[in-house]
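Engineer: Make a model of this:
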Amino acid sequence: MFLNGMKRRFLSLTVMISLLLGLLTTFIGPVWVEAGTVDYNGLAAKAIQFNQQAFYNGEKLSAYDAYVLTLAGEDLAASDWVYNGKSLQQSILDAVYATIESPATAKTKDIAYELLAVKAWGYSDLARKLAAILADKQGPNGFDNNVYSDMPVFDALGRAGEFSVVNVIYAREYLLNTQCTTAGENYGAWGSTWGTDFYPDFMTTCQAIRALTYLPNAADDQQIQAAITNGLAYLRKWQQPDGSVYTTQPWPDDPTVDTAELIVTLQRLDVDPASWKSAQGMTPVDYMVQLAPNSDGSFGTTKNALDATESLYAYLILEGRAGSVASPGLAITPATATVNVNGQRQFKAIMNYLNGTSSDVTRDAAWSVDNGNIAEVVNGLATGLQTGQTVVRATYNGLAATASLTVTESATSSTGGSGGCTVDIAVVGRNGELLYGPGAVTVSKDGRWGLTALGALEATGLPYEEAGGFVKSIAGQANSGMNGWMYKVNGSVPMVSASQEIVRDGDQVIWWYSMDLNSPGPTWDSLLKGSTPASPANTTPADLKEQNKKLPAALQAPDAALDALGKINQLLELKEDATEIAPLSEVKKAVVVTGSDKVMNRAEILALKKDLLQNKIDLAQEVSASAGAIISDPKAEIALSIPAGALTNDVEITVKKGAGGNAAPAPPPAGYQQISAVYNFGPDGTTFAVPVTLYLKFALPSLVKPENLALAWYDKTKASWVAIPAVVDVSKGLILARINHFSDYAVFVKEDRKSFADVTPDFFGWAKETIETLAGAGIVAGVDGSHFEPGRAVTRAEFASLLVKALGLKVKAGEKNPFKDVKGDAWYAGAVTAAAGNGLVKGYEDGTFRPDNVITREELAAMLVRAVNLPIGEEKLAFKDNDKVSTWARKSVAVAAAHGLVKGFEDGTFRPGEAASRAECAVMVYRVLVAE
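Structural biologist: Numbering: from 1, shown residues only. Model (predicted):
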């Protein structure tokens with residue numbers, strides 16, 4: 001997470017600095033900010049903290065808020081961003097699914113911001129669907145015929161790299177025609193017309209200017225450039241003495257929002273925001289640093305999440321380079337390059353986040369060149385057309401980066417000429433990524449390897465290792481076993497080492513990391529067309545942790561689970577090459593459990609169970625054998641990670657969830673219950689050269705020990721279920737395993753019961769099954785190895801501990817014991833504190849809990865109602881001894897009885913003041929656990 005540790009560590013210092021700046025401003029006015037002296041990281045951390053606190057307080061953050069937080073490096077699927085059992089990322093994704101399901105009811109601006117968010121999270125399929133919805137909504141008058149929603153949509157499509165779906169003819173006319181071109185104070189602004197009056201809007205003007213820049217050939221379109229110039233002139237006239245830029249008429253805008261929008265706009269135009277100085281010498285940068293932050297941790301005059309988000313985006317732009325025109329976060333490599341006419345060079349777009357991570361966004365970025373006569377660029381692959389120099393540009397999520405490209409005359413020398421030759425070369429890595437080219441290099445006759453294929457490799461500048469002219473490693477990717485580096489020239493694999501294969505002008509040389517000796521490797525045409533994966537982002541790796549990064553957030557397994565899966569056979573004491581354990585009926589242990597320190601609580605499990613029951617899965621996806629794929633459903637219930645090389649042929653993979661949730665081809669053996677749907681993978685019988693990884697969400701039943709679970713496939717020939725090694729992570733409700741063939745798969749649980757000598761059909765027989773089930777699940781225990789003492793009374797401390805254990809509750813961070821008679825070293829102190837913190841127990845008026853008092857039946861009823869969170873309604877008591885129920889407990893007893901949590905005796909009484917026995921407590925806790 002972005003500066004997760006630092007932002008807390010330096011919070012007090014940041015606030016103190018803000019206060020001091022405020023005091024200085026009061027007495028001597030704003031002070032010009034010198035480039036390089038500002039802690040933009042600290043300001044960004046403050047904005048993040050404000051929005052995080054707003055989120056914790058129940059405020060709904062928008063998809064745009066989520067997008068900007070993601071740009072700042074925040075992991076919105078992490079526990080730091082969970083409220084009421086759901087992460088911010090999942091909340092936005094739920095809205096996205098609703099939009100896709102009912103696009104007609106969704107607001108276009110919301111769709112556009114959802115597009116930005118999912119694109120930032122790497123959900124390309126969802127992004128394409130949202131972009132298509134917006135494309136369908138566009139007409140000659142924008143999307144809504146409303147500039148206040150249309151301009152954000154155009155801008156967002158550009159930032160997301162999805163502007164290609166826009167009808168640019170409609171867009172150009174609409175954008176130009178909605179600008180005010182009437183002489184006067186509003187000239188150059190965008191806004192709305194009501195009758196004969198024009199109402200300008202600062203933010204809309206900023207968004208419209210940015211939208212214009214995404215139109216084709218915008219840099220050479222005189223009308224577009226004039227509109228941008230006039231728009232900037234309108235914005236500039238609103239600059240205030242303190243450096244802020246915002247409208248004050250007919251009513252004042254929030255200066256922080258407008259100034260931040262201006263900085264975003266200037267960045268898009270490659271204009272230094274520090275160059276906009278007021279008469280007093282103050283700039284928008286000065287304002288954002290000194291006056292936008294408030295001493296209470298908020299930003300701007302409105303002090304809401306929008307202020308914090310706009311400020312955060314501005315700080316991300318300014319971070320590390322105040323006064324610079326470079327685009328923060330996005331960079332092109334190489335920064336400069338030279339190619340011959342008709343030669344090619346691969347550029348990469350790299351997104352660097354403030355938390356130190358980065359990602360290759362070459363395929364997702366929008367590429368262009370300033371002079372299309374000199375070169376052209378497609379997916380970062382630049383081709384020289386004629387001699388000259390031009391600028392290569394990439395845009396991604398509203399950020400931009402540039403590189404310089406020089407095109408020179410083609411070399412004419414050959415092997416018999418002046419000492420060199422020019423060849424085309426490409427180097428393709430282990431995962432199909434282009435490490436170099438396709439592009440031209442000049443091979444020197446006087447070089448170490450002369451005019452050879454190895455000389456061509458050296459000319460690329462990539463680091464490599466060789467032994468006797470045979471290549472062992474390129475760019476850190478070393479040969480391993482039968483896998484390693486191969487090369488071919490003009491489509492043929494030579495029978496000599498690369499140091500002996502002579503190359504000539506115009507030859508095409510391909511080096512590739514081979515995973516299959518029988519594979520001919522990539523072709524030159526496939527590399528030019530991009531049909532061979534151009535980066536690891538498009539190829540599924542075999543490494544578990546690399547696979548994990550490509551999964552939907554809800555299905556990403558914690559490191560502990562991945563580590564366990566990597567050595568699952570060792571942990572389960574199986575043979576090293578074992579892919580299955582045994583028929584389910586013969587299995588003693590089939591899973592390794594992780595995440596026990598962060599077990600999902602009951603509310604989270606019930607919510608997950610509901611989601612799984614409602615979700616339908618029927619997927620079909622074409623998978624390339626050379627690339628592999630990650631296949632998952634939109635609700636992130638299941639994922640299948642197929643590494644490159646796992647399949648021998650391209651094939652359409654299908655995934656289907658059994659109708660009705662649990663439709664099994666055959667029942668499980670005696671002693672087992674099925675707790676998941678049956679998932680069918682096709683084509684049936686498909687096998688894999690290397691294992692594929694299955695990720696599956698499941699709701700752990702309340703009365704189940706996770707170590708008793710098993711993942712099994714159905715053997716049709718023997719009509720039986722066969723268990724396979726698997727990892728169960730109880731912190732996320734996730735089971736994962738590596739499989740080597742397709743069939744039907746499902747999750748089962750082994751029934752576990754424990755009997756007691758003093759609980760028999762004749763003695764407490766009414767509670768026997770319940771007690772044995774709870775004991776088997778580890779929720780209740782006997783007083784020794786064979787006795788339960790079902791008739792013994794239970795103390796308040798004992799029942800609080802039982803309820804906390806059954807519900808999986810934990811002591812909340814910072815929670816203190818509220819009762820003066822519960823000592824910190826008491827065995828029940830933690831449980832009572834957790835019960836109080838979760839609202840299950842209340843003390844007496846004197847501040848005591850009285851832990852050693854026996855719990856009465858009416859007290860027990862009150863706790864059960866709180867545990868299930870049942871609303872107190874108008875239910876009436878229906879027992880013969882209603883008058884004996886305490887006034888404070890009457891409603892709780894009535895509700896508990898109405899919902900079947902408590903029952904009376906055969907004589908129609910409830911006996912509220914009687915002590916509850918261990919058997920009664922066990923039965924009532926069981927009812928809570930099975931209640932939905």
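
Engineer: Spell out the secondary structure type for the residue nearest to Gln280 when sequence neighbours are not counted.
Structural biologist: Leaving aside its chain neighbours, Gln280 sits nearest to Pro241 (4.8 Å; criterion: C-beta to C-beta, 6 or more residues apart in numbering). Using the backbone N, CA and C atoms, a C-beta is placed for each residue, glycine as well. At Pro241, secondary structure determined by DSSP: H, G, I helix; E, B strand; the rest coil is coil.

Engineer: can I assume Pro241 is in contact with Met282?
Structural biologist: Yes. Counting by C-beta atoms under 8 Å, Pro241 does reach Met282; the two are 6.6 Å apart.

Engineer: neighbour count winner among these two?
Structural biologist: Met282 (24 against 12; other C-beta atoms under 10 Å).

Engineer: Need the pLDDT of that one.
Structural biologist: Met282 carries a pLDDT value of 92.

Engineer: domain ranges for the chain?
Structural biologist: 330-408, 420-538, 544-750, 791-930 (automatic domain parsing).

Engineer: Now do the residue nearest to Gln280 against Gln249, distance only.
Structural biologist: 16 Å (C-beta to C-beta, to the nearest Å).

Engineer: Would you map the strands across the stretch 301-450 of the chain?
Structural biologist: Here the stretch 301-450 of the chain has its strands, by DSSP state E, counting those that start in this stretch, at 330-333, 336-340, 344-346, 348-352, 358-360, 366-369, 375-378, 381-384, 388-396, 399-408, 420-428, 434-444.

Engineer: Next, the buried residues of the first one.
Structural biologist: Using 16 or more other C-beta atoms under 10 Å as the test for burial, strand 330-333 gives Leu330, Ala331, Ile332.

Engineer: other SSEs contacting it?
Structural biologist: strand 348-352, strand 388-396, strand 399-408 (3 or more C-beta pairs under 8 Å, 6 or more residues apart in numbering; DSSP states H and E).

Engineer: Can you lay out these as CSV showing mean pLDDT?
Structural biologist: Listed next are the helices and strands packed on strand 330-333 as CSV, based on pLDDT from 0 to 100:
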stretch, mean pLDDT
strand 348-352, 77
strand 388-396, 85
strand 399-408, 78
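
Engineer: can you put the ones you listed in a markdown table and add distance to Ala915 and mean neighbour count?
Structural biologist: Output for the helices and strands packed on strand 330-333, formatted as a markdown table (distance: least, C-beta to C-beta, whole Å; neighbours: other C-beta atoms under 10 Å):
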| stretch | distance to Ala915 | mean neighbour count |
| --- | --- | --- |
| strand 348-352 | 65 | 20 |
| strand 388-396 | 68 | 21 |
| strand 399-408 | 68 | 20 |
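
Engineer: Format those strands as CSV; extra columns: distance to Glu751.
Structural biologist: Converted to CSV, these look like this (distance: least, C-beta to C-beta, whole Å):
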stretch, distance to Glu751
strand 348-352, 50
strand 388-396, 53
strand 399-408, 56
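
Engineer: Looking at per-residue confidence, what score does Thr256 get?
Structural biologist: pLDDT, read off for Thr256, is 95.

Engineer: Find the residue closest to it in space, skipping its chain neighbours.
Structural biologist: Closest to Thr256 by C-beta to C-beta, 6+ apart is Gly300, at 3.2 Å.

Engineer: Spit out the contact partners of the one you found.
Structural biologist: Asp254, Pro255, Thr256, Val257, Ala292, Asn294, Asp307, Glu310, Ser311 (C-beta atoms under 8 Å, 6 or more residues apart in numbering).

Engineer: Just give me the neighbour total for the fifth one.
Structural biologist: Neighbour count of Ala292, defined by other C-beta under 10 Å: 28.

Engineer: same thing with the last one?
Structural biologist: In terms of burial, Ser311 registers 28 neighbours under the definition other C-beta under 10 Å.

Engineer: That one contacts Val289, doesn't it?
Structural biologist: No. Judged on C-beta under 8 Å, Ser311 makes no contact with Val289 at a distance of 10.2 Å.

Engineer: Common neighbours of those two, please.
Structural biologist: Leu43.

Engineer: What are the phi and psi values at the residue positioned nearest the centre of the chain?
Structural biologist: For the chain, the residue nearest the mean C-alpha position is Ala553 (4.4 Å; C-alpha atoms, centre = their mean). Dihedral pair for Ala553: phi -60, psi -40, per degrees, to the nearest 10.

Engineer: Please tell me how far it sits from Val747.
Structural biologist: 21 Å.

Engineer: and if you look at Val599?
Structural biologist: 17 Å.

Engineer: Compare these two and say which is more crowded by neighbours.
Structural biologist: Neighbours were counted for Val599 and for Val747 using other C-beta under 10 Å; Val747 has more, 23 against 17.

Engineer: Report the secondary structure state of the more buried one.
Structural biologist: Val747 is classified as strand under three-state DSSP.

Engineer: check contacts around it.
Structural biologist: Gln674, Ile675, Ser676, Leu696, Phe698, Leu709, Ala710, Leu711, Ala712, Ile735.

Engineer: Strands - which of the residues you listed land there?
Structural biologist: Within the contacts of Val747, residues falling in strands by DSSP state E are Gln674, Leu696, Leu709, Ala710, Leu711, Ala712, Ile735.

Engineer: any idea which of those is closest to Lys129?
Structural biologist: Leu696 (24.1 Å; C-beta to C-beta).

Engineer: what pLDDT does Asp94 get?
Structural biologist: 91.

Engineer: that's a strand at Leu700, yeah?
Structural biologist: No. Going by three-state DSSP, the assignment for Leu700 is coil, not a strand.

Engineer: That one reaches Asp729, doesn't it?
Structural biologist: No. Using C-beta under 8 Å, Leu700 is not in contact with Asp729, being 10.4 Å away.

Engineer: if you count what's nearby, which of those two comes out ahead?
Structural biologist: Asp729 (25 against 22).

Engineer: and the more buried one, what is it in contact with?
Structural biologist: Ala557, Pro558, Ala560, Ala561, Val593, Thr594, Gly595, Ile735, Leu736.

Engineer: from those, which ones fall inside helices?
Structural biologist: Ala560, Ala561 (DSSP state H).

Engineer: Report the buried residues of stretch 753-772.
Structural biologist: Under 16+ other C-beta under 10 Å, the buried positions of stretch 753-772 are Lys754, Phe756, Val759, Phe764, Ala767, Lys768, Thr770, Ile771, Glu772.

Engineer: what sits against the second one?
Structural biologist: So the one you mean is Phe756. Ile771, Glu772, Ala775, Gly782, Ser786, His787, Phe788, Pro790.

Engineer: the helices in the stretch 401-550 of the chain, which residues?
Structural biologist: 453-459, 524-529, 544-549 (DSSP state H, counting those that start in this stretch).

Engineer: and these, which is most packed in?
Structural biologist: helix 453-459 (a mean of 24; mean count of other C-beta atoms under 10 Å).

Engineer: Which strands or helices does that one pack on?
Structural biologist: Helix 453-459 packs on strand 420-428, strand 434-444, strand 464-467, strand 470-474, strand 484-489, strand 508-514, going by 3+ C-beta pairs under 8 Å, 6+ apart.

Engineer: Pipe those strands into a markdown table and attach distance to Glu815 per row.
Structural biologist: As requested, these are exported to a markdown table (distance: least, C-beta to C-beta, whole Å):
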| stretch | distance to Glu815 |
| --- | --- |
| strand 420-428 | 56 |
| strand 434-444 | 53 |
| strand 464-467 | 57 |
| strand 470-474 | 54 |
| strand 484-489 | 57 |
| strand 508-514 | 54 |
